[in-house]
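Student: have a look; sequence and predicted model below, questions after that.
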Amino acid sequence: MIVQRLRINVAPGREVEFESTLSEARQVVFEADGFRRFAVDRGVERPSTYLVQISWETPEEQASFARSELFTRWATLLDPFVVGTPLVECFEPRPSLTL
C-alpha cells in the first residue's frame with residue numbers, strides 16, 4: 001500500500017466552498033481501481049491549507065488514476081479553489097514504527 005499526500009492551498013475565504021466540493025470530488029476517487037482510504041486535515045496555523053491523504057493498493061494503481069478520466073474530473077472540480085500547485089508526494093507506511 002502507498003499513501004499519496006497532497007498539500008493544497010485554497011484561496012482564502014473559499015474554504016467552505018472547497019470542503020463542499022471536496023466531498024463531491026472524493027466520490028470520483030472512490031471509483032478508482034486500487035483506492036483504499038481518503039482522509040482530509042485542515043491547517044491550524046494556516047486554515048486555507050489542507051492535507052489530503054489517499055491510500056492506494058499499489059503505486060501502479062495510483063499512477064493509473066493520475067492518467068485517467070477520473071483524475072481529470074477530480075481536478076476540474078477542485079481547480080477553481082486551488083492557489084498555486086499542490087505539493088504531491090507518495091509514501092510507504094511503516095506499521096512497525098507506528099503507535
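Tutor: Arrived safely, thanks for sending. Numbering: from 1, shown residues only.

Student: where along the protein do the strands fall?
Tutor: Shown for the chain, the strands assigned by DSSP state E span residues 2-9, 35-42, 49-56, 87-91.

Student: figure out which of these is closest to residue 97.
Tutor: Comparing the strands of the chain by their distance to residue 97 (C-beta to C-beta), the top pick is strand 87-91, with 12.1 Å. Bear in mind the C-beta positions are built from the backbone N, C-alpha and C, glycine included.

Student: how much space separates the most centrally placed residue in the chain from residue 99?
Tutor: Compute the mean C-alpha point of the chain, and by C-alpha atoms, centre = their mean the closest residue is residue 52, 3.9 Å away. For residue 52, the distance to residue 99 under the criterion C-beta to C-beta, to the nearest Å works out to 23 Å.

Student: so what's the residue nearest to the centre of the chain closest to, chain neighbours aside?
Tutor: The shortest distance from residue 52 to any non-neighbouring residue, by C-beta to C-beta, 6 or more residues apart in numbering, is to residue 6 (4.4 Å).

Student: give the contact list for the one you found.
Tutor: Shown here is residue 6, whose contacts under the criterion C-beta atoms under 8 Å, 6 or more residues apart in numbering are 50-54, 86-88.
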